[in-house]
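Participant: Sequence below, structure please.
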Amino acid sequence: MDQITFDDFQRVDIRVGTVTAAEINPGTRKPAYILSVDLGPEIGVKRSSAQLTAHYQPEELVGRQVAAVVNFPPRQIAKMVSEVLVLGFPDADGEVVLINIDHSVPNGGKLF
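Facilitator: Okay, the predicted model is just below:
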């Protein structure tokens, strides 16, 4: 595995945010949700297309805190522009399981 420097790690801006809305993303090849994520006053609310349908229903996602990369360029996914990348790990079947934030923290906090 290639090693990176601490400076490389710091270039990836990972923030915490709260999901404020979740709905099906129509037209995607693999089922996905459109998430609106409140990333605090500095960044605001951003949207993400996330393939979370195997383990999560939209109503369970609203109010949940998630980790997201906020400094990737926007990406067109079906008919929407995904502005941030919500982070998770694959389960045994390759389905996304969200990173768990086990205590509430202020939206916009940066991972370090």
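Participant: Just to check, residue 80 is in contact with residue 26?
Facilitator: No - in this structure residue 80 lies outside contact range of residue 26 using CB atoms under 8 Å: 9.2 Å. (C-beta placed from N, C-alpha, C; glycine too.)
Participant: Comparing those two, which residue is more hemmed in?
Facilitator: Legend: neighbour count by other CB atoms under 10 Å for residue 80 and residue 26, higher for residue 80 (18 against 11).
Participant: tell me the mean pLDDT for the helix or strand containing residue 97?
Facilitator: Here residue 97, judged by DSSP states H and E, is contained in strand 96-98. Average pLDDT, strand 96-98: 98.
Participant: List the buried residues in that strand.
Facilitator: Neighbour-count burial for strand 96-98, counted by 16 or more other CB atoms under 10 Å, picks out 96, 98.
Participant: and that strand, which strands flank it?
Facilitator: With DSSP bridges as the test, strand 96-98 is paired with strand 88-90 (antiparallel).
Participant: next one: the partner strand to chain centre, how far?
Facilitator: Centre-to-centre, strand 88-90 and its host chain are 11 Å apart (CA atoms, centre = their mean, to the nearest Å).
Participant: Residues contacting it, please?
Facilitator: Strand 88-90 is contacted from outside by 50, 52, 96, 97, 98, 99, using CB atoms under 8 Å, 6 or more residues apart in numbering.
Participant: which one among these gets closest to residue 76?
Facilitator: Proximity of those to residue 76 (CB to CB) peaks at residue 50, which lies at 15.0 Å.
Participant: What sits closest to the closest one if chain neighbours are left out?
Facilitator: Distance criterion CB to CB, 6 or more residues apart in numbering; nearest residue to residue 50, sequence neighbours excluded, is residue 86 at 4.7 Å.
Participant: Contacts only, for the one you found.
Facilitator: 35, 37, 48, 50, 52, 66, 67, 68, 98.
Participant: Let's see if you can find the most crowded of those residues.
Facilitator: In terms of neighbours by other CB under 10 Å, the contacts of residue 86 top out with residue 37 at 30 neighbours.
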